[in-house]
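Engineer: Could you look at this predicted model? Sequence included:
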Amino acid sequence: MIIAVDGPAASGKGTLAKKIASHLGLPHLDTGLLYRAAARALMEHGHELGDKDAAVRAARSLSLCGLDENELRGNEMAEAASIVGAIPEVRAALSDLQRAFACRPGGAVLDGRDIGTVICPEACPKIFVTASAEVRARRRTLELRARGEEADYAAVLAEIRNRDARDQNRSAAPLRPAKDAIVLDTTELDIAGAFNAALAIIARYQSGSPPRAAPPAAPSRLDPLLRS
Ligand code: DC
């Protein structure tokens, strides 16, 4: 079983994917770490984030076992990853690693932006996790403060909107729900509520009566869908 969990910044998709994987005993890949690691390698070697050739070299040199989550967290790295992730050749360079992970015997849970649309169109189920930009910004602000970092709600909200716009409007693999994705809006849900809702979606697929997917989202419909 391959489970795709996509969604915008700070939607909670990573937490959800991790919990689903642990519950089902499946391996989990946070694909954002790959884009963050590529961006970090560029920055360490003094390259511009838009330097396509250097970015592709950085992406090709990555391996899944060399990803240090602690080193790659943080807003600066997220923003850099979003810039590097808009380069189509970087996405192509990272796709085999992600597909190989997804095709492990027994299945896997992957979270990202294009798992259901590009990396694993065969994934089932595909869950697109979203929440209003305001709620996502509030959660991210609290999370940063809990880690002892300074965080200004208005600045976090602006950054989330900016990243949403870049991730949705890029030419390669833009952020959007796959046609057959189930949209899980967590605006009014806490982590436990979102987890239960996700498990209910998965159970419907396992019992052979999947819930109805959202109608296909044209780019102009994404804003209301992302509620930003
Ligand atoms: O999931 P995250 O916040 O760690 O992702 C950081 C950025 O990386 C995100 O804004 C866009 C990029 N990214 C991507 O383009 N495709 C993915 N599958 C995962 C992340």
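Structural biologist: All right, it came through fine.
Engineer: which residues touch the spatially most central residue of the chain?
Structural biologist: Closest to where the C-alpha atoms of the chain average out (CA atoms, centre = their mean) is G112, at 2.5 Å. Listed by CB atoms under 8 Å, 6 or more residues apart in numbering, the contact partners of G112 are 5-6, 30-32, 98, 119. Any C-beta I mention is one placed from the backbone N, CA and C, and that applies to glycine too.
Engineer: what does the helix or strand D53 falls within contact?
Structural biologist: For D53, the element it lies in under DSSP states H and E is helix 52-60. Defining contact as CB under 8 Å, 6+ apart, one finds that helix 52-60 is touched by 34, 37-38, 41-42, 45, 47-49, 84, 87, 89-90, 93-94.
Engineer: How about the backbone phi and psi for the residue nearest to the centre of the chain?
Structural biologist: phi 180, psi -140 (degrees, to the nearest 10).
Engineer: Check S171 too.
Structural biologist: When read as degrees, to the nearest 10, the backbone of S171 gives phi -80, psi -30.
Engineer: Distance check, it against the ligand.
Structural biologist: Separation of S171 from the ligand (CB to the nearest ligand atom, to the nearest Å): 12 Å.
Engineer: Spatially, and excluding backbone neighbours, which residue is closest to that residue.
Structural biologist: Closest residue to S171 apart from its sequence neighbours, by CB to CB, 6 or more residues apart in numbering: P88 at 6.7 Å.
Engineer: got a list of what that neighbour touches?
Structural biologist: If you count contacts by CB under 8 Å, 6+ apart, P88 has them with 171-173.
Engineer: out of those residues, which is most surrounded?
Structural biologist: A173 (20 neighbours; other CB atoms under 10 Å).
Engineer: so what's R99 up against?
Structural biologist: For R99, the set of contacting residues under the criterion of CB under 8 Å, 6+ apart consists of 119-120.
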